[in-house]
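Just a sequence and a predicted model for now, questions to come.
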Amino acid sequence: MSASTMDTGTEPMPQTNLQTVAFSNPGGEASPPSRGRPVDLVHLARQTLGDRELEREVLALFVQQATTVRDRIAAATAAERTFLAHGLRGSAAGIGAFGVAAIATEIERDPHDKPLLLRLANSIDEVKDFIASISR
């Protein structure tokens, strides 16, 4: 028993390491996909510790990255597609866009699958529209 607990007779409150909370699952590995929304807002809030301004910033960054990937991936080589998909997968999982992350993972496995590229573009557009709708 520490000196501080002897004085009060109670156990001290555990200290939460904010970095551990924020970064323990940056890719959302333990978070189930949201069934009703293109972005899992509960996951996003957990990743940003509920900081609404930070949420807006990371969503804006994601939209920029996803738009760039969408515009470049079809004309890219297989190696470039794998690279683009890998980066997008991590970012998408980080904000809770698990549908985009899943398609990006499939592209990493088979960068020659053209129908996946269309699915990715559609999924990115869906996420962008959703983000725009909650950002008003």
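Now that the structure is in, tell me what you want to look at. Numbers count the residues shown, from 1 in each chain.

what about the helix or strand containing residue 89, distance to the chain center?
Taking DSSP states H and E as the criterion, residue 89 maps to helix 78-95. Relative to its chain's centre, helix 78-95 lies at 11 Å (C-alpha atoms, centre = their mean, to the nearest Å).

Would you mark the buried spots in that helix?
For helix 78-95, burial by neighbour count (16 or more other C-beta atoms under 10 Å) applies to 81, 82, 83, 84, 85, 88, 89, 91, 92, 93, 94, 95. Just so you know, the C-beta spots here come from the backbone N, C-alpha and C atoms, and that holds for glycine as well.

Also stretch 111-119?
Quick answer for stretch 111-119 (16+ other C-beta under 10 Å): 111, 116, 117, 119.

I'd like those as TSV, with secondary structure and pLDDT appended.
Supplementary listing: those in TSV, determined by DSSP: H, G, I helix; E, B strand; the rest coil; pLDDT from 0 to 100:
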residue	secondary structure	pLDDT
111	coil	97
116	helix	97
117	helix	97
119	helix	98
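
Now tell me which helix or strand of this structure has the poorest mean pLDDT.
helix 18-23 (a mean of 41; mean pLDDT, DSSP states H and E).

Helix or strand next in line after that helix, which one?
Beyond helix 18-23 toward the C-terminal end (DSSP H and E), the next one is helix 41-47.

which strands and helices sit next to that next one?
If you count contacts as 3 or more C-beta pairs under 8 Å, 6 or more residues apart in numbering; DSSP states H and E, helix 41-47 packs onto helix 52-73, helix 78-95.

quick one: terminal-to-terminal distance for stretch 66-80?
15 Å (C-alpha to C-alpha, to the nearest Å).

Go through it and flag the buried ones.
Neighbour-count burial for stretch 66-80 [16+ other C-beta under 10 Å]: 66, 69, 70, 73, 76.

quick revisit: tell me the one of the buried residues of helix 78-95 nearest residue 51?
The nearest member of the buried residues of helix 78-95 to residue 51, counting by C-beta to C-beta, is residue 95 at 13.4 Å.
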